[in-house]
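> What shape does this take:
(2 chains, ligands or ions: 2)
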Amino acid sequence: MDLNRTIQNLLKDRDRWGKVLSSPLSYRIVEGALVLARKSFPWQAIYQMSRFALNQTGRAYTGKVPVVWSSAFFPVEIAWGLQLCPFSPEVAAGFITGMGFGAEALSMGEEAGYSRDLCSFHRCIAGAARAGHLPRPAALLASTHLCDGAPLLFQNMAELYGAPCFILDVPYTAGRDAEAYVAEQLERLWQDLAEATGRRPDRASLEEALRHSNEFRENMLRANELRCRVPSPISGNDMLAFIYLFFAGQGSREAAEISACLAEEIEEKIAGGRWGGTEKYRLLWLHLKPYYSNEVMSFIEQAGGVLAYEEFNHIYWPPLDPGEPFLSLARKVLAHFDYKPVEERIRVIRELAEKYRVDGIVHFSHHGCRQSTGGSLILKEALQEAGWPVLLLDGDCLDGRNEAAGGMLTRLQAFFEILEERKEGCLI
Amino acid sequence: MLGWVCTYTPEEIFATLGLESYRLYGDDRGEYAKADLEYLPVNFCPLGRACLNEGMGKGNPSLTGIVLAASCHALVHLAGAFKYAGERRGKEFFVHLLDLPRTSGDGDAAVRAFASSLRSLAGRLSSFYGVAWNDGAFYGALQAHQSVRRLLRELYRLRMGQPENFRAAGLLEVVRAAGRAKKDEFLPVLDGIVKALKGDVNGESRVDGSPAAALLAGLRRGGSPQGPRLLVVGSPLPFAYLDLIEELGGNIAGDDLCQGYRYCLPEVEEGPDPFLSLARGYLGRVPCPRMLAGKERFSYLLSLARKAGARGVIYHALKFCDASLYEYPLFREYFAEAGIPVLYLETEYRDAGLEQARTRIQAYLELL
Ligand code: SF4
Ligand code: SF4
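Ligands and ions are numbered 1, 2, ... in the order given. Below you'll find the predicted structure:
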């Protein structure tokens, strides 16, 4: 099933993409097509997730339920706990780009004054929002950790829509004081958000969201354990599809169910001995991937490379305590290994590289991401000293306009040659 | 010698502990090793890169440590780069990231959080350098810092009265000197400059001492009062751009730059808890773009522009500076609605691009 093609058929008239994108009817049609093509999905978990994402997005456009925009790393359990409809604009930007409309949205963002040096996810969001193509938020939620741009952009978007923006200020240094500071903000934010969206702040419902979030966490841990097998039972490219659940789903019943389905499917696949294939190079993949074209991912696959594990799918936080929702969400937020001195990221990446027995590490250096790219030279040096070949692959997740994709492929090819030489060296 | 960069770093703490401090500006004196190329990627804040070169190169100053506010990922990664570059030197190098809340949250909680982060900075400095905190020393240091800030604001007031007689880059030089000097030693210098300038106004100019004379000479300019008055906002910018604006007939009457007026703004009141006082004073200043204050900040800037009689605003963004780059689209709209056109300049914290900017600045000034 080619979901992209189905949608692109809907959007034959390119000028109408915004209208089609923002019509709830489109989502119902595509969902229908999806149901018919269910069997052709390599993983039912991906099928289920696509339906969930389409359904949620369609709902967001109906205007019947309060929509809250939530930035990539905001603890979205808060929104699920108030039975709101979370919308992840970063994922939407990836989706718009995947549909082939990234360039239009990016240009609109640039016309609105957003520099090309900014993260293309945000330029794309700004452009699509100004053109009126994104669901109107009742409120916006952004946290300050990991991404400097998100709270700044969300603040601008709040102005555009005339909606309140709730910012979660996360200190850089974790510890008791920081936990108390974040927990206190979360509790107030939960109440203010309830008021802004006309919901009753019901603790039982929040606790349930935390339980679902815990189930999601456990299922993903299970799936991640199974992924230690060599050869890999699931491709990392498929695994990167679950980003929607990470950004917008945590705290929902659906994310818990879909992740359970994923873990079961991988288990079944392993038990049935139905997996294998040649794996020449096992890679650990850092940051995201290009969404405007499949070229890079296909090239890796054709060269016999496999994404054995991805930084984004790593479960880094302890289980939540539904009895202490705010404190445990604060701990979760503060636990992120990328929001610490770079040594912490190095430590985690080293552990993962060992655990997943990778041959090399690829850092996709997304042009506008200060957080990830800023520390990449130090990261590379430290990981190389520890014995792993590292490739810093400069590119952009959404903006393919200036991309010398050929350049990326050449660099990957050269990297594979290094990996090959190392393997031969080991054999001798 | 401790290096620091962000103006949310209370120097009073260093002075109380008897530690010398030095504000890094990333001055390029041509003698620094290109430390940045090893540690920071090319798409990274050029100010941060320059500061690493300044702090780690073979030129001045000889830093033994650095205190960076965790205000953006540029500074966070800069801290990492300093740590690695410092370790290479072989000696233990002090690196501290200062947690800095966003003021848009609950004011009180943010003040308490910042106070606690300042307390832990003082604690770490004490144990690393083997020096002790003393409340008495703090109140002395505070007074000297407050006096310097007040005199700097006085300078800014004088400039606002007759910007055609002031060189904007010269004023930023004075602020820079303040951020690098021991405040009690700098006070008489600054006092001399202010007095001399007031003397100018009254026709009795006189200033003693060479540092003051040099700074004073850099401050003076004979522009025409007919040129449009301007406000300069945004990320730190190369001085050559300010000189160019003035050369083309603009009169810079005010700024909101952290290398300029923002440094002079904190008003710290004495209280029983030094850290709470500092936190309140520093966070209480008009917020910078990173603080997510949105319209609150814009309305302050508009009133500053009106007070300065500015007919135009120059908005400067450093390449890769998220705080400025995200603020700009809304800023532009806000000022357009207020009837004040904005000229956008982007630089890499170097004089490069000056000639292309010349035509744009010229056209803009003609429009005003
Ligand atoms: S890629 Fe980086 S800058 Fe862009 S949204 Fe994600 S964290 Fe933020
Ligand atoms: S100029 Fe911008 S990116 Fe650079 S340190 Fe300052 S706020 Fe951060």
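> backbone phi and psi for A:L409, please?
The phi and psi values for A:L409, taken as degrees, to the nearest 10, are phi -70, psi -40.
> pLDDT at the nearest residue to it once chain neighbours are set aside, what is it?
When the adjacent residues along the chain are set aside, A:L409 lies closest to A:F299, with 5.2 Å between them (CB to CB, 6 or more residues apart in numbering or on different chains). (Each C-beta comes from the backbone N, C-alpha and C, glycine too.) A:F299 is assigned a pLDDT of 95 by the prediction.
> Then the one 10 residues further on?
On the pLDDT scale, A:Y309 is placed at 97.
> now the helix or strand hosting it, how far from the chain's geometric center?
Assignment of secondary structure by DSSP states H and E places A:Y309 within strand A:305-310. Taking CA atoms, centre = their mean, to the nearest Å, the mean C-alpha location of strand A:305-310 is offset from the chain mean by 16 Å.
> Just want the most central residue of the chain.
Since no chain was named, I'll use chain A. A:I243 (3.2 Å; CA atoms, centre = their mean).
> try again with chain B
Chain B has B:Q259 as the residue nearest its centroid, 2.3 Å off, counting by CA atoms, centre = their mean.
> for residue 224, what are its contacts?
Picking chain A for this. With contacts defined as CB atoms under 8 Å, 6 or more residues apart in numbering or on different chains, the neighbours of A:N224 are A:309, A:313-315.
> nope, chain B please
Neighbouring residues of B:S224 by CB under 8 Å, 6+ apart: B:164, B:249.
> how near is it to ligand 1?
Applying CB to the nearest ligand atom, to the nearest Å, the value for B:S224 to ligand 1 is 45 Å.
> In contact with the closest residue to B:A69 other than its chain neighbours, which residues are there?
Using CB to CB, 6+ apart and skipping residues adjacent in sequence, the residue nearest B:A69 is B:C6, 3.8 Å away. B:C6 makes contacts with B:68-69, B:71, B:75, B:98, B:100, B:258, as judged by CB under 8 Å, 6+ apart.
> quick one: the strands in chain B?
Residue ranges of the strands in chain B, as given by DSSP state E, are B:2-4, B:21-23, B:65-69, B:94-98, B:229-234, B:251-256, B:312-318, B:342-347.
> Quick one, which of these gets closest to ligand 1.
Ligand 1 sits nearest to strand B:312-318 of all the strands of chain B, at 16.5 Å, using CB to the nearest ligand atom.
> ok, and does the closest one reach over to chain A?
Yes. Judged by CB under 8 Å from any CB of the partner chain, strand B:312-318 comes into contact with chain A at B:A317.
> Tell me the secondary structure at the residue nearest to the centre of chain A.
State at A:I243, reduced to three classes by DSSP: H, G, I helix; E, B strand; the rest coil: helix.
> would you turn the strands of chain B into a markdown table with mean neighbour count and mean pLDDT?
As requested, those are exported to a markdown table (neighbours: other CB atoms under 10 Å in any protein chain shown; pLDDT from 0 to 100):
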| stretch | mean neighbour count | mean pLDDT |
| --- | --- | --- |
| strand B:2-4 | 24 | 96 |
| strand B:21-23 | 22 | 95 |
| strand B:65-69 | 25 | 97 |
| strand B:94-98 | 22 | 97 |
| strand B:229-234 | 26 | 98 |
| strand B:251-256 | 26 | 98 |
| strand B:312-318 | 23 | 98 |
| strand B:342-347 | 20 | 97 |
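> A:F312 falls within a helix, correct?
Yes. Counting by three-state DSSP, A:F312 is part of a helix.
> Whatever residue of the stretch 1-150 of chain A ends up closest to ligand 2 and A:S70: what is the separation?
Nearest residue of the stretch 1-150 of chain A to ligand 2, counting by CB to the nearest ligand atom: A:D148, 8.0 Å away. Here the distance between A:D148 and A:S70 works out to 17 Å (CB to CB, to the nearest Å).
> same thing with B:Y156?
Computed with CB to CB, the distance linking B:Y156 and A:S70 is 42 Å.
> more neighbours, the two?
Just comparing B:Y156 and A:S70: by other CB atoms under 10 Å in any protein chain shown the higher neighbour count belongs to A:S70, 31 against 22.
> Need phi/psi at the more buried one.
Phi and psi for A:S70, reported as degrees, to the nearest 10, are phi -130, psi 130.
> my guess is it contacts A:F87, does it?
Yes. Contact criterion CB atoms under 8 Å: A:S70 and A:F87 qualify, at 7.0 Å.
> What pLDDT does the model give the residue of the stretch 1-150 of chain A closest to ligand 2?
The per-residue confidence score, pLDDT, reads 96 for A:D148.
> ok, it to A:V170 distance?
Using CB to CB, one obtains 12 Å as the distance from A:D148 to A:V170.
> ditto for A:Y292
Between A:Y292 and A:V170 the distance is 31 Å, computed by CB to CB.
> Need the CA coordinates for stretch B:119-135. PDB is fine.
Written as PDB, here are the backbone C-alpha positions of stretch B:119-135 (Å, rounded to 0.1, in the frame of the first residue of the first chain):
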ATOM      1  CA  ARG B 119      23.900  29.700  44.700                       C
ATOM      2  CA  SER B 120      25.300  26.500  43.200                       C
ATOM      3  CA  LEU B 121      27.500  28.500  40.900                       C
ATOM      4  CA  ALA B 122      29.000  30.300  43.900                       C
ATOM      5  CA  GLY B 123      29.400  27.000  45.600                       C
ATOM      6  CA  ARG B 124      31.300  25.400  42.700                       C
ATOM      7  CA  LEU B 125      33.500  28.400  42.300                       C
ATOM      8  CA  SER B 126      34.300  28.500  46.000                       C
ATOM      9  CA  SER B 127      35.400  24.900  46.000                       C
ATOM     10  CA  PHE B 128      37.300  25.000  42.700                       C
ATOM     11  CA  TYR B 129      39.200  28.100  43.400                       C
ATOM     12  CA  GLY B 130      39.400  27.700  47.200                       C
ATOM     13  CA  VAL B 131      37.900  31.000  47.900                       C
ATOM     14  CA  ALA B 132      35.100  31.900  50.400                       C
ATOM     15  CA  TRP B 133      31.800  33.700  50.000                       C
ATOM     16  CA  ASN B 134      31.400  36.700  52.300                       C
ATOM     17  CA  ASP B 135      28.100  38.700  52.500                       C
END
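> got a list of contacts for that stretch?
Everything outside stretch B:119-135 that qualifies as a contact, by CB under 8 Å, 6+ apart, is A:173, B:2, B:13-14, B:16-19, B:65, B:67, B:94, B:96, B:98, B:274-275.
> looking at chain B, which helix or strand does the model trust least?
The helix or strand of chain B with the lowest confidence, counting by mean pLDDT, DSSP states H and E, is helix B:35-39 at a mean of 81.
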